[in-house]
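Chemist: sharing a sequence plus its predicted fold:
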Amino acid sequence: MSRFGWDIDGVLYPWHEYAYQQAEPYIDGMSFDEFWNPKDGWVVQNEGTMLMKNIVGNPLNYYKQDIATHIVDTLHEIQEKTGSDFCYVTGRPRIAQLDTIKLLARAKVPNWDMLYFTGNGESKGPLVKELGCVYYVEDRPKHVPEVNKHAIVFLMDQIYNRDMEFDNTIRIYDLSEILEHL
Ligand SMILES: [Mg+2]
């Protein structure tokens, strides 16, 4: 049986939209793409600032709404068609851990209790290896060179990973594309 590992934010849950909304009063009309641009966006320029730390640490942003129904349906479809089991690996901060368990349980995603925290954005490579994931779905470029040593990565296309290429990695624009590549 193969195992699928899933990142949460930027793959299953629109955390980046909430971070952008939260920063809107301070960014003078900047667009979402400008905000998250990996070269010169507001986020890279403000890494480590008090405002950014507060946005990342705001627990509300981690459970404002449910995981979208079409995403939950796609997860179940992938599981049914592949017979794989699922686990979820996230770097969400400690303060959001209980709410993350509730988020997955409430959405009834497959194997929602297989939830693992790296702790505050730490490397995912060791956990993905330990869990024996054959496939891993991620959006954050920082994690890919670690994770793709152990698993085939499906990279969810986002402004902050666009034009980046990685070994052992398939770029997708929608989770439903995963089935076409298996
Ligand atoms: Mg993510």
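Modeler: Ah, there it is.

Chemist: show me the shaky parts of the protein.
Modeler: The chain contains residues with pLDDT under 70 at 121.

Chemist: how close does the residue lying farthest from the centre of the chain sit to residue 128?
Modeler: Farthest-out residue of the chain from its mean C-alpha position, per CA atoms, centre = their mean: residue 28, at 27.0 Å. Relative to residue 128, residue 28 is positioned 39 Å away (CB to CB, to the nearest Å). C-beta here means a position set from N, CA and C on the backbone, and glycine is covered the same way.

Chemist: for the closest residue to the ion within the chain, what are phi and psi?
Modeler: Relative to the ion, the nearest point of the chain is residue 10 (3.7 Å; CB to the ion). Residue 10 adopts backbone torsions of phi 90, psi -10, taken as degrees, to the nearest 10.

Chemist: now the nearest residue to it once chain neighbours are set aside: how far from residue 181?
Modeler: Using CB to CB, 6 or more residues apart in numbering and skipping residues adjacent in sequence, the residue nearest residue 10 is residue 139, 3.5 Å away. Counting by CB to CB, the gap from residue 139 to residue 181 is 17 Å.

Chemist: now residue 40
Modeler: 33 Å.

Chemist: ok, and for stretch 110-127, which residues are buried?
Modeler: Of all the residues in stretch 110-127, those buried under the rule 16 or more other CB atoms under 10 Å are 110-112, 114-115, 117-118, 124-125, 127.

Chemist: from those, which is closest to residue 104?
Modeler: The nearest member of the buried residues of stretch 110-127 to residue 104, counting by CB to CB, is residue 112 at 3.9 Å.
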